[in-house]
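Chemist: I would like to see how this sequence folds:
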Amino acid sequence: MRPAANEARFTVGAAAVLWVAAYVAALPLQSAVVAALGQSGNDPDRWPTSTTAAAVLCLWIPFLVGLVVLSRRRGGTSIRDDYRLRFRAVDLVGVPVGLAAQLVVIPLLYWPLSQWFPGVFDSEKVDERATQLWDRAHGGWVVVLVLVVAVGAPLVEELVYRGVIQQSLEGRLNDAVALVLSAAFFALIHLQPVELPGLFVAGLAFGLCWQWSGRIACPMLAHMAFNVAGLVLAAR
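Modeler: Residues are numbered from 1 along each chain as shown. Below is the predicted model:
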């Protein structure tokens, strides 16, 4: 159970409005930027790393603005308190949690799935997206890819999916239900069916780090470690 001092600061309705508004705002922004870069109509899986990075930034910006607006509108004492932006040395436990999720739990999860549904969950299909991202990065764009995947994504996604979505659900439901629902939403919104089981398990791991520590740093570190391990596997 989360510490009593960490009561949810946002309602489910406010969290839903933030997510929908930010996502809707991001779509035309992404389309305009992708078109300006000459990639309109092309398969996103074939975009150069520069376009992928720009598209991701177009998604993140409305969410970051929304996080600030949400905090100010609720009259919170500070963004730091609203999203539990604190760090203690014990939060470093998130690193081995993230590594274990990627290197141990995910393979164990997909092994029976690949046996039961070989045409859907074979290892090549599961790793395809990460491998494609890595293969398209060249020269200095490798650094950009690492910053986007290993730093940017964990920071922004944890603020949204644990700091807002899960926190708001915890204010309305018991912690176990909030954990499962936020992990399911986190998995579904990535729009990658083959990755859904793994992302759901990852979301559970990050959510447990949030509930155990009562701070956002622990799930952020777990998410970073998870993504870094995924990049290393893709680069093999």
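
Chemist: ok, now how distant is E195 from W210?
Modeler: Using C-beta to C-beta, to the nearest Å, E195 is found at 21 Å from W210. The way it works is simple: take the backbone N, C-alpha and C, and place the C-beta from them, glycine included.

Chemist: between the two, who's got more neighbours?
Modeler: The residue with more neighbours, out of E195 and W210, is W210; 31 against 21, by other C-beta atoms under 10 Å.

Chemist: helix/strand/coil for N42?
Modeler: coil (DSSP: H, G, I helix; E, B strand; the rest coil).

Chemist: going forward, count from 33.
Modeler: Yep, numbering from 33; the last one is N74 now.

Chemist: how near is it to F217?
Modeler: N74 sits 29 Å away from F217, going by C-beta to C-beta.

Chemist: neighbour-wise, which of those two wins?
Modeler: Shown here are N74 and F217; by other C-beta under 10 Å, F217 has more neighbours (16 against 13).

Chemist: check contacts around the more buried one.
Modeler: 193, 197, 235 (C-beta atoms under 8 Å, 6 or more residues apart in numbering).

Chemist: find the nearest non-adjacent residue to the spatially most central residue of the chain, please.
Modeler: Geometric centre of the chain, nearest residue: E189, 3.8 Å, by C-alpha atoms, centre = their mean. Leaving out its chain neighbours, the residue that sits closest to E189 by C-beta to C-beta, 6 or more residues apart in numbering is H255, at 6.7 Å.

Chemist: can you give me the neighbour number for that neighbour?
Modeler: 27.

Chemist: thought it was touching V183?
Modeler: No - using C-beta atoms under 8 Å, H255 and V183 do not qualify as a contacting pair, with a distance of 10.1 Å.

Chemist: and the residue nearest to E189, how far is that from G230?
Modeler: H255 sits 13 Å away from G230, going by C-beta to C-beta.

Chemist: what comes up buried for stretch 174-188?
Modeler: 176-178, 180-182, 184-186, 188 (16 or more other C-beta atoms under 10 Å).

Chemist: now, those that are in helices?
Modeler: Among the buried residues of stretch 174-188, the residues falling in helices (DSSP state H) are 176-178, 185-186, 188.

Chemist: as a markdown table, these with pLDDT would be great.
Modeler: Below are these laid out as a markdown table (pLDDT from 0 to 100):
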| residue | pLDDT |
| --- | --- |
| V176 | 95 |
| L177 | 94 |
| V178 | 94 |
| A185 | 96 |
| P186 | 97 |
| V188 | 97 |
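
Chemist: for those residues, which one is nearest V49?
Modeler: For these, the residue nearest V49 by C-beta to C-beta is V188; the value is 18.0 Å.

Chemist: mind telling me what element V129 is part of?
Modeler: Secondary structure assignment for V129, by DSSP states H and E: helix 126-132.

Chemist: list the contacts of that helix.
Modeler: So helix 126-132 is contacted by 237-238, 240-241, 245, 249-259, 261 (C-beta under 8 Å, 6+ apart).

Chemist: so after it, what's the next helix or strand?
Modeler: Of the helices and strands lying after helix 126-132 in sequence (DSSP H and E), the nearest is helix 138-148.

Chemist: C-terminal to the helix or strand I93 falls within, what's the next element?
Modeler: If you go by DSSP H and E, I93 is part of helix 81-105. Moving toward the C-terminus from helix 81-105, the next helix or strand (DSSP H and E) is helix 111-114.
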